[in-house]
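Peer 1: what's the 3D shape of this:
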Amino acid sequence: MHYGSSMTTITLKNVPPAVHKKLKSLAKAHGRSLNKEIITTLEYNLHGSRMDSGSVQQRASAVRESMGVYLTQDKLTDMKNAGRK
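Peer 2: Okay, the predicted model is just below:
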């Protein structure tokens, strides 16, 4: 995201330790500085973000694995057609 030529500085006070710890953990996991992680988190919560298809696919795979549900396109088509009879 392009911010223009001037940036604003914000100082946060009284950040709960658990929030600080979580932000630091996320920053490390995402390979970002703590400052960049905070900005990214704020942007996401204020503006939303594009869906990351890789993340969606990973979450869907994890849910499928945990449920033991494996549907193929052929099986879905059969199920739809069975409901139309």
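Peer 1: For the helix or strand hosting residue 64, give me every contacting residue.
Peer 2: For residue 64, the enclosing helix or strand under DSSP states H and E is helix 53-67. With contact meaning Cβ atoms under 8 Å, 6 or more residues apart in numbering, helix 53-67 is reached by residue 70. Where you see a C-beta, it was placed from the backbone N, CA and C, and this is true even at glycine.
Peer 1: what about that helix, average pLDDT?
Peer 2: What helix 53-67 shows for mean pLDDT is 83.
Peer 1: What of stretch 39-50?
Peer 2: 82.
Peer 1: ok, and for it, which residues are buried?
Peer 2: Within stretch 39-50, the residues scored as buried using 16 or more other Cβ atoms under 10 Å are 39-40.
Peer 1: Which neighbouring elements make contact with the strand or helix carrying residue 41?
Peer 2: Secondary-structure assignment from DSSP H and E places residue 41 in helix 34-47. In terms of contacts (3 or more Cβ pairs under 8 Å, 6 or more residues apart in numbering; DSSP states H and E), helix 34-47 is packed against helix 17-30.
Peer 1: Could you export the helix it packs on as CSV, keeping only the C-alpha atoms?
Peer 2: Extracted C-alpha coordinates of helix 17-30, given in CSV (Å, rounded to 0.1, in the frame of the first residue of the first chain):
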residue,chain,number,x,y,z
PRO,A,17,1.2,-8.1,27.6
ALA,A,18,-0.8,-10.8,25.9
VAL,A,19,-1.5,-8.6,22.9
HIS,A,20,2.1,-7.6,22.7
LYS,A,21,3.2,-11.2,22.9
LYS,A,22,0.7,-12.2,20.2
LEU,A,23,1.7,-9.4,17.8
LYS,A,24,5.4,-10.3,18.3
SER,A,25,4.6,-13.9,17.6
LEU,A,26,2.7,-13.0,14.4
ALA,A,27,5.4,-10.7,13.3
LYS,A,28,8.0,-13.4,13.6
ALA,A,29,5.8,-16.0,11.8
HIS,A,30,5.1,-13.5,8.9
